[in-house]
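*Asks:* All I have is the shape, not the residue letters:
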């Protein structure tokens, strides 16, 4: 398949696109630590269900515009914990169990809360775990 390039209508771009980075800023590292402690306590308590004793939710305050980014930071922290801390122990891997978001307060802050639950594993029709395919 070939692409026919056309004459651009705008001048050449002058601003470089920001490259994606895997570096973790100070806020992300702090959240990584908090999630790691939650997962360690959850495993030590016998992996209780969300909301049960030993698995209390962690509330975080964000603006309405930052809600999606805040939840992605939490998911990223769980991925970090699962790959760095529990790589050799799949039964101890975890993910976030989300609670409903609160309504914005007077300052426009929404509370997002999550607890720990076991990592869900995709299964096929026979109940066997599905392995991810890697592009080669």
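*Replies:* Yep, that arrived. Predicted model, so just to flag it, every value in this text is computed and none were measured.
*Asks:* Can you point out the buried residues in the strand ranked longest in the chain?
*Replies:* Looking across the chain with DSSP state E, the single longest strand is strand 109-118. Counting neighbours by 16 or more other C-beta atoms under 10 Å, one finds that the buried residues in strand 109-118 are 110-117. C-beta here means a position set from N, CA and C on the backbone, and glycine is covered the same way.
*Asks:* Stretch 117-134 too?
*Replies:* Quick answer for stretch 117-134 (16+ other C-beta under 10 Å): residue 117.
*Asks:* who touches it?
*Replies:* Around stretch 117-134, the neighbours that count as contacts under C-beta atoms under 8 Å, 6 or more residues apart in numbering are 47, 49-50, 82, 90, 93-97.
*Asks:* who touches the residue nearest the centre of the chain in this structure?
*Replies:* Closest to where the C-alpha atoms of the chain average out (C-alpha atoms, centre = their mean) is residue 75, at 0.7 Å. Each residue near residue 75 by C-beta under 8 Å, 6+ apart is listed here: 95-96.
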